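return atomic coordinates for the entry below.
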Amino acid sequence: MTVQDIRSFNRFYTHLIGALDYGRHLYAPYTLTESRVLYELAHSTRTDAADLRTQLHLDAGYLSRILNRFEQDGLIERAPSERDPRRRRITLTARGREAADLLDERARQTVGALLAGVPPEERGRLAEALGTVRAILGTGRTPRPEDVVLREPGPGDLGWIVQRNAALYAAEHGWNTDYEGLVARIVADFAEDHDPHLERVWIAELDGRPVGCVMCVRDEAPATARLRLLLVEPDARGLGIGDRLVRSVVGFARGVGYRDLVLWTNDVLTAARRVYQRHGFVLVAEKPHRSFGKDLVGQDWRLDLRAPRE
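As a prediction, the model looks like this:
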């Protein structure tokens, strides 16, 4: 392996994904860097200009020009940061979120078309090769919160949600297969019939593998959404993934017009309950029950989405 080998591969891959003419490649008026900024604004929990510069390793002047263009196009709004008034918080407008979603969808379609040309019997070898590159070149690097991306589920991800929920709750709390059956029904109901404008699933991904998930689905009560199946893998905890997933659900539910967001959990899930409390959920009821092979205390939590944001 030589430096020239790596440079040659970089040129090949850059051409393959259309990085040099990214906007035309995705039929969008944005360069690759501009698209990356939009993506971070749509998925990151820290959207101060200084944070964006750090996460994307951009020159301050270059980022400022990008943000000025976005503001002129009505994609973003800027205001003093809640954490530090000396800094500027940047948020996507409804138009900006539509642009980010469109770019994300087109990128997914482009990669899907690329994979469609790979014979099924070769895809495992390709996945293994990509994993090998990550493992070798990423050796010794501690994962950072900004390394985690939130995305929509792809093929196999809904099955992963069932499998990991069953395995983790069995290992950490001793729950039996009744819980796996419950999760399987929840996921199957979503897969078979959901309104993509009002219901959504998020997958947290780190180094190319899923490490967390959450769902937002319609509840039986009018104008009410339900948060379900929040999970973070043990080796990915401490990166703020749970907070990002819950924040995404809250923002989505509020944005599409729900008035309330509710969830059901159990008192033994202390880490998850702390996340809910940080985001303003209030405990409204609790009741002992026998489920999943254990004596538990079920809890109902509620967030008023019409209440002023702190």
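
right, and the helix or strand after the lowest-mean-pLDDT helix or strand in the chain?
Least confident helix or strand, the chain: helix 22-25 with a mean of 64, by mean pLDDT, DSSP states H and E. Using DSSP states H and E, the helix or strand that follows helix 22-25 in sequence is helix 32-43.

what's in contact with whatever helix or strand comes next after that following helix?
Tracing the chain past helix 32-43, the next element assigned as helix or strand by DSSP H and E is helix 49-56. Helix 49-56 is contacted from outside by 33, 36-37, 40-41, 44, 46, 58-60, 63-64, 67, 87-88, 90, 146, using Cβ atoms under 8 Å, 6 or more residues apart in numbering. The way it works is simple: take the backbone N, C-alpha and C, and place the C-beta from them, glycine included.

try it again with 6 Å
Helix 49-56 is contacted by residues 36, 40, 60, 63, 87-88, 146 when judged by Cβ atoms under 6 Å, 6 or more residues apart in numbering.

any stretches of this structure with poor pLDDT?
Within the chain, the stretches with pLDDT under 70 are 17, 19-27, 44-46, 82-85, 138-141, 309-310.

ok, 90 please
Applying pLDDT under 90 to the chain flags the ranges 1-64, 67, 76-149, 154-156, 206-209, 235-238, 306-310.

need the helices for it, in chain order.
Counting by DSSP state H, the chain has helices at residues 3-16, 22-25, 32-43, 49-56, 60-72, 94-116, 120-137, 157-173, 177-192, 241-255, 270-278.

tell me which of those helices sits nearest to residue 212.
The closest of the helices of the chain to residue 212 is helix 241-255. By Cβ to Cβ, the value is 4.6 Å.

so what does the closest one touch, helix or strand wise?
Contacts defined by 3 or more Cβ pairs under 6 Å, 6 or more residues apart in numbering; DSSP states H and E place helix 241-255 against strand 200-206, strand 209-218, strand 224-232, helix 270-278.

who are the packing partners of the shortest one?
Here strand 200-206 is seen to pack against strand 148-151, strand 209-218, helix 241-255 when contacts are counted using 3+ Cβ pairs under 6 Å, 6+ apart.

the closest residue to residue 60 other than its chain neighbours: how many residues sit nearby?
Leaving aside its chain neighbours, residue 60 sits nearest to residue 53 (5.9 Å; criterion: Cβ to Cβ, 6 or more residues apart in numbering). Using other Cβ atoms under 10 Å, residue 53 has 15 other residues around it.

repeat for the one 5 residues further on
The number of residues packed near residue 58 is 17, by other Cβ under 10 Å.

ok, so what distance separates it from residue 90?
Noted for residue 58: a distance of 13 Å to residue 90, by Cβ to Cβ, to the nearest Å.

and if you look at residue 276?
Residue 276 sits 27 Å away from residue 90, going by Cβ to Cβ.

which parts of stretch 295-303 are buried?
296, 299, 301-303 (16 or more other Cβ atoms under 10 Å).

these in strands, which ones?
Among those, DSSP state E puts 296, 299, 301-303 in strands.

need the contact partners of stretch 303-310.
254, 258-259, 261, 280-281.

nearest to residue 286, of the helices and strands packed on strand 200-206?
Comparison of the helices and strands packed on strand 200-206 against residue 286 by Cβ to Cβ identifies helix 241-255 as nearest, at 19.7 Å.

tell me the buried residues in that closest one?
Of the residues in helix 241-255, those buried (16+ other Cβ under 10 Å) are 241-250, 252-254.

ok, now stretch 189-197?
Applying 16+ other Cβ under 10 Å to stretch 189-197 flags 190, 194 as buried.

how near is residue 173 to residue 290?
Shown here: residue 173 relative to residue 290, a distance of 14 Å by Cβ to Cβ.

should've said residue 299
15 Å.

kindly report the same for residue 131.
Separation of residue 131 from residue 290 (Cβ to Cβ): 42 Å.

neighbour count winner among the two?
Shown here are residue 131 and residue 290; by other Cβ under 10 Å, residue 131 has more neighbours (13 against 8).
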